[in-house]
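> Generate a structure from the sequence data that follows.
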Amino acid sequence: MEMLRLHLLGGPQYFLGQRPLTDFATMKARALLIYLAMMPGPHSRDELAHLLWSEMPDRQAKKNLRNTLPNLKALVGPHLMITRQALALNRDSACEVDVEQFCTVLTASQPSADLEVLRDATALYRDDFLAGFYVREAPAFEDWATIEREHLRTIAIEGLLTLVENALEQGAYEFGLEATRRLLTLDPWRETAHQHRMRLLAYTGQRGAALAQYDTCRQVMDEELGVEPMADTTALYEQIKAGALAMPPPKAIATALPRRAAEVDWSDFPKRTPFYGRHDELATLRHWLLDEQACLVGLFGIGGQGKTALAAELAWSLIDESQAQPKAPDSSQANGAFDRILWRSLVNAPPFETMVSGWLAFLTGDEKARTPDHIDDQLAALFEHLRQQRCLLVLDDVDRILRPEAGV
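So this is what the prediction gives:
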């Protein structure tokens, strides 16, 4: 039986094996599958009819539920258990729900101190529960989703705080910096998160950024709450400004987690050539990719300016760093590295579907893996893999496939 996978943290996505499920007849069919996945156990038809059609007479609501079931059964097959009285998701079948994985780690009575475990668990929180998903004329479902959304958001915030505190204790400061970035995105008014980030920036030699973080904290507190930062936040700022912040003992730094070497697709990678100058441009690109973790970066300019050479030097430097011996977390090179690096020249590029299929084969690590036939399904699978691992995909001469004659 193929694995049924539901990704509900963020915009909901549904997969059977590697195939995205898209042929839902209605939004309420999607909502029914989501509810059954989130609430294990049998649910009476009366309960489900009221959940999704509460504004209709009972008879009509139950009829709408009956009409929805054939579509859902056709999509997920034996994963759905249907009787005259109740419905349930078959938990004896292969089923994976990201919310369950997320909660298992982060709501344990003894939270894990393993930074990689915490990082992977919090990374499942791509966005709020069912972000952008709305079911018309289903107030009971929307009320339930709102409660779940707030509950899961709280778990994410607490999980990231735990990750930051453990990273500080273990000296893995780059883990902590990434966690504080995500934490302040979710909860910009949490002053302890600003304090943690100031301390982490100072520990990694970024004194100016640490002081700027205090200014950010002060602005947020003033604009949103009309208050000044707490006294201990200001005291921390003054310590950093005066260079009086006590640095952690060297032995803490030695506990930083090692980096893994990136897997590189060498088939189209440019040869390394001598490269001189352009240090500012390289530093900017590194900042965008490693510190801000930008999803998309473009290099533009007239032909012959050295865009390819600049991108190649950056890619080669990232490869070198990923293959070097692990460095202390106060190194500017510690944050980065990508799990996989792929370079493709689009000069005389094959059809777009062929390119995407090749990218998928590399990202999955299985050259023989079957990829979806339709380009929309291929792209959905590609974006899913890019969400699950840190990948650098470099497309050289991308303008070749954007011209009208390219047919893209």
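
> Show me this structure divided up by domain.
Listed by the TED database, the domain ranges of the chain are 1-187, 263-324+333-400.

> Please identify the most buried of those domains.
Looking across the domains of the chain with neighbours counted as mean count of other C-beta atoms under 10 Å, the highest average goes to domain 1-187: a mean of 17. Glycine gets a C-beta too; all of them are placed from N, C-alpha and C.

> which SS state does Ala380 fall under?
Assigned with DSSP: H, G, I helix; E, B strand; the rest coil, Ala380 falls in the helix class.

> what's the nearest residue to it if we skip its chain neighbours?
Leaving aside its sequence neighbours, Ala380 sits nearest to Pro20 (C-beta to C-beta, 6 or more residues apart in numbering; 4.5 Å).

> Would you check that the one you found makes contact with Pro12?
No: using C-beta atoms under 8 Å, Pro20 and Pro12 do not qualify as a contacting pair, with a distance of 11.2 Å.

> bridging residues for the residue nearest to Ala380?
Assessed by DSSP bridges, Pro20 has beta-bridge partners Phe15.

> contacting residues for it?
Pro20 sits next to Gln13, Tyr14, Pro372, Asp377, Ala380, Ala381 when contact means C-beta atoms under 8 Å, 6 or more residues apart in numbering.

> Quick check: closest non-adjacent residue to the residue positioned nearest the centre of the chain.
With distances taken as C-alpha atoms, centre = their mean, the residue of the chain nearest its centroid is Arg126 (4.4 Å). Nearest residue to Arg126, sequence neighbours excluded (C-beta to C-beta, 6+ apart): Gly10, at 3.5 Å.

> same question, Tyr35
The shortest distance from Tyr35 to any non-neighbouring residue, by C-beta to C-beta, 6+ apart, is to Leu51 (6.5 Å).

> Check which helix or strand that neighbour maps to.
In the assignment (DSSP states H and E), Leu51 maps to helix 45-53.

> Which strands and helices lie in contact with that helix?
The helices and strands touching helix 45-53, judged by 3 or more C-beta pairs under 8 Å, 6 or more residues apart in numbering; DSSP states H and E, are helix 27-38, helix 58-76, strand 86-89, helix 139-170.

> Please convert the ones you listed to TSV, extending it with mean pLDDT and distance to Ala212.
Converted to TSV, the helices and strands packed on helix 45-53 look like this (pLDDT from 0 to 100; distance: least, C-beta to C-beta, whole Å):
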stretch	mean pLDDT	distance to Ala212
helix 27-38	96	41
helix 58-76	95	50
strand 86-89	94	48
helix 139-170	95	19
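
> As a check, name the ranges of all helices in the stretch 201-350 of the chain.
207-220, 231-241, 250-253, 279-286, 307-323 (DSSP state H, counting those that start in this stretch).

> can you tell me which of the ones you listed the model trusts least?
Among the helices of the stretch 201-350 of the chain, helix 250-253 carries the lowest mean pLDDT, at a mean of 48.

> Return the member of the contacts of Pro20 nearest to Leu163.
Ranked by distance to Leu163 (C-beta to C-beta), the contacts of Pro20 are led by Gln13 at 24.5 Å.

> In terms of pLDDT, where does the closest one sit?
pLDDT at Gln13 comes out at 93.

> and it, what does it touch?
Contact analysis of Gln13 by C-beta under 8 Å, 6+ apart lists Leu6, His7, Pro20, Ala380, Glu384.

> for Lys241, same thing?
Counting by C-beta under 8 Å, 6+ apart, Lys241 makes contact with Leu211.

> distance of it from Leu184?
Between Lys241 and Leu184 the computed distance is 21 Å (C-beta to C-beta, to the nearest Å).

> likewise Ile240?
For Ile240, the distance to Leu184 equals 18 Å [C-beta to C-beta].
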